[in-house]
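K.L.:
Build me a structure from this.
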Amino acid sequence: MKQHANVWSTVWRRHQIPWNWLVQALGGLLLLLAFWQRGAVEAWAGAGLILAGALDFHLPPFPENTWAARLVWRMIRAEVVWINSPWNRRKRIGAVYLTLGSILVLLAFWASSLPGLGLTVGFLVLLRVRVANKDAGIDP
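P.N.:
Model (predicted):
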């Protein structure tokens, strides 16, 4: 059983490498495209990219001074902070919102509904604004 835990920690460490994170993010986008077009080729390619993101490629260092690099590092950092935070009431509510939002986005992609996707993204943006306002001390 200890070997399985070691494998998952290795996969998690490799997921935190920016190149691997980008490959897995592109795989996720391909899976969304597969939902949109209901295409098996895109689904297999997306799943393959997500699995390939768990490999060690020994690539050159990730660039530091570009907006894309800062965005990738910020996303990785947010992911790590969220995973390492304790399961309190706020994290449970956030997990429920994340799950419901993901289901709504997948349904909008499956139905190929651009208005549905726009409404879902708009709703998620409003939720993010609400959280930012609460963090800033603004109580609606």
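
K.L.:
quick one: Pro60 from Leu26, how far?
P.N.:
18 Å (C-beta to C-beta, to the nearest Å). The way it works is simple: take the backbone N, C-alpha and C, and place the C-beta from them, glycine included.

K.L.:
With neighbour numbers in mind, choose between these two.
P.N.:
Neighbours were counted for Pro60 and for Leu26 using other C-beta atoms under 10 Å; Leu26 has more, 16 against 7.

K.L.:
Ala52 is in contact with the more buried one, correct?
P.N.:
No - with contacts counted by C-beta atoms under 8 Å, Leu26 stays clear of Ala52, the gap being 9.9 Å.

K.L.:
So which bits of the helix or strand of the chain with the lowest mean pLDDT are buried?
P.N.:
None of the helices or strands of the chain scores lower by mean pLDDT, DSSP states H and E than helix 2-15, at a mean of 76. Neighbour counts over helix 2-15 (16 or more other C-beta atoms under 10 Å) mark Arg14, His15 as buried.

K.L.:
Report all helices and strands that it contacts.
P.N.:
Here helix 2-15 is seen to pack against helix 18-37 when contacts are counted using 3 or more C-beta pairs under 8 Å, 6 or more residues apart in numbering; DSSP states H and E.
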